[in-house]
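Undergrad: Curious how this folds, go ahead:
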Amino acid sequence: MEKVNQTPPERFILLGFGSNVPNLQVFYFLVFLVMYIITLSGNLLLIIVVRINPKLHTPMYFFLSNLSVIDIFFSSTIVPNILLNTLAMDKSISLLGCALQMYFSLALGSTECFILAVMAYDRFSAICRPLHYSTIMNKMLCMSLAVGSWSMCFLNSALQVILTFQLPYCKSHHVNHFFCEMPPFFRLSCKDTFLNEIVMYIGAGIIAMCSFCLTLTSYIHIISTILKIRSSHGRHKAFSTCASHLTVVSLYYGTIMFVYLKPSSIYSAETDKTVSILYTAVTPMLNPIIYSMRNKEVKSTINRKQTKKEDL
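TA: Reported below is the predicted structural model:
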């Protein structure tokens, strides 16, 4: 019986869009480039505005700044490589580069789940427990929640990536995906990946499902409180804000859970590639717009700085 070559590959080939039509490749490149520029500028602007306006030194904007940092690095871990591979002839990535990309994208994506949940809890405390808000969301708790979210997710990512790259990849070194992500890699291994899938399901279940449940529970209480507001204008404004937040949260959690919690028997490379665009490129672009750019305090800070520049 012929032995299967289990030598670890030095490089993987990311197939990406799989299109050889030059005009289509240029179109993909421009779309991702525009989304990346909007992501960087929107999130950087939010961080700067929070930094320079003392009125925004609150728990809500502390977590929003965390979210912006995550989105900048999360998008930067993946999108530049997509841009390069879209036009380049050589679509390969080194084993180390692939492992690092998988590690940071998984860690940052998981951290975003927790931060979104913490933000929902912060809004619950502000709206449903306004008299006790400053006591509940004190500086120590905010720092603990942020540090705990980052630490837990980076540790989980390390475990997942180590287990993934211990697999022998002997079927193919061509990855039918935009970037290095666990599910497509399981399809390349000639070894049973049952243990890896169980560990992935447990990690994703704890992080995504628990975060989503906490977020959903918080918003149920928030909406219940909003319904008690007598002013129809106040209710409409609060519902509008909650609806936009829940839309982005549902989009992010839904796509993450679809990729990492669905059975391997219904795996589809093309579907996964499409879904992954939503949480790697679209959501980081929308977050600063949905969560803060509609805020009057943020807009007034930007306008004041713009006016000062024009006066000079």
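Undergrad: can you count the residues close to Cys242?
TA: 17 (other CB atoms under 10 Å). All C-beta atoms are positioned from the backbone trio N, CA, C, and that covers glycine.
Undergrad: any idea whether it is helix, strand or coil?
TA: helix (DSSP: H, G, I helix; E, B strand; the rest coil).
Undergrad: Name the nearest residue to the residue nearest in space to the middle of the chain, sequence neighbours excluded.
TA: For the chain, Gly109 is the residue whose C-alpha lies nearest the centre (CA atoms, centre = their mean; 4.0 Å). Among residues not flanking Gly109 along the chain, Phe74 sits closest, at 6.1 Å (CB to CB, 6 or more residues apart in numbering).
Undergrad: other SSEs contacting the helix or strand where that neighbour lies?
TA: Element membership of Phe74 [criterion: DSSP states H and E] is helix 59-87. Here helix 59-87 touches helix 22-52, helix 95-128, helix 139-164, helix 283-288, going by 3 or more CB pairs under 8 Å, 6 or more residues apart in numbering; DSSP states H and E.
Undergrad: and it, average pLDDT?
TA: Confidence for helix 59-87, expressed as mean pLDDT, is 93.
Undergrad: Neighbours of Leu163, how many?
TA: Leu163 has 15 nearby residues by other CB under 10 Å.
Undergrad: same thing with Cys210?
TA: So Cys210, with other CB under 10 Å, has 13 neighbours.
Undergrad: Not counting its own residues, what contacts stretch 248-265?
TA: 109, 112-113, 116, 120, 181-183, 186, 193, 197, 200-201, 204-205, 208-209, 211-212, 215, 272, 275-276, 278-279, 282-283, 286-287, 290-291 (CB atoms under 8 Å, 6 or more residues apart in numbering).
Undergrad: low pLDDT regions in the stretch 1-150 of the chain?
TA: 1-9, 18-22 (pLDDT under 70).
Undergrad: run the last query once more with 50
TA: 1-5 (pLDDT under 50).
Undergrad: again, but for the stretch 201-312 of the chain
TA: Judged against pLDDT under 50, the stretch 201-312 of the chain has no low-scoring part.
Undergrad: Tell me where it has helices.
TA: Ranges of helices within the stretch 201-312 of the chain are 210-226, 232-261, 269-277, 283-288, 296-311, based on DSSP state H, counting those that start in this stretch.
Undergrad: Give me the contacts around stretch 77-87.
TA: The contact list for stretch 77-87 (CB under 8 Å, 6+ apart) reads 14, 16-17, 25-26, 28-29, 32-33, 35-36, 39, 91, 93, 101, 104-105, 108, 178-179, 280-281.
Undergrad: Out of the helices and strands packed on helix 59-87, which one sits most buried?
TA: helix 283-288 (a mean of 25; mean count of other CB atoms under 10 Å).
Undergrad: Return the list of helices and strands in contact with it.
TA: helix 22-52, helix 59-87, helix 232-261.
Undergrad: who wins for proximity to Ser172 among those?
TA: helix 59-87 (17.1 Å; CB to CB).
Undergrad: related to what we said a few turns ago, what count of nearby residues applies to the residue nearest to Gly109?
TA: Neighbours of Phe74 (other CB under 10 Å): 26.
Undergrad: Likewise for Lys228?
TA: 7.
Undergrad: Need phi/psi at it.
TA: phi -90, psi -10 (degrees, to the nearest 10).
Undergrad: Look up how far Cys128 lies from it.
TA: Lys228 is 10 Å from Cys128, where distance means CB to CB, to the nearest Å.
Undergrad: same question, Ser244
TA: From Ser244 to Cys128 the distance is 19 Å (CB to CB).
Undergrad: Tell me who's in contact with the residue nearest to Gly109.
TA: Here Phe74 is in contact with Phe104, Ser105, Leu108, Gly109, Glu112, Thr280, Pro284 (CB under 8 Å, 6+ apart).
Undergrad: make it 7 Å
TA: Ser105, Leu108, Gly109, Glu112, Pro284 (CB atoms under 7 Å, 6 or more residues apart in numbering).
Undergrad: Save those residues as a markdown table, and put in distance to Leu159 too.
TA: As requested, the contacts of Phe74 are exported to a markdown table (distance: CB to CB, whole Å):
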| residue | distance to Leu159 |
| --- | --- |
| Ser105 | 15 |
| Leu108 | 16 |
| Gly109 | 15 |
| Glu112 | 19 |
| Pro284 | 24 |
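Undergrad: which among these gets closest to Asn43?
TA: Pro284 (7.2 Å).
Undergrad: Go ahead and confirm that closest one touches Thr39.
TA: Yes: using CB atoms under 7 Å, Pro284 makes contact with Thr39 at a distance of 4.8 Å.
Undergrad: which residues do the two both contact?
TA: Common neighbours of Pro284 and Thr39, using CB under 7 Å, 6+ apart, are Asp71, Ser75.
Undergrad: Do I have it right that Phe17 meets Phe29?
TA: No: contact criterion CB under 7 Å: Phe17 and Phe29 do not qualify, at 9.9 Å.
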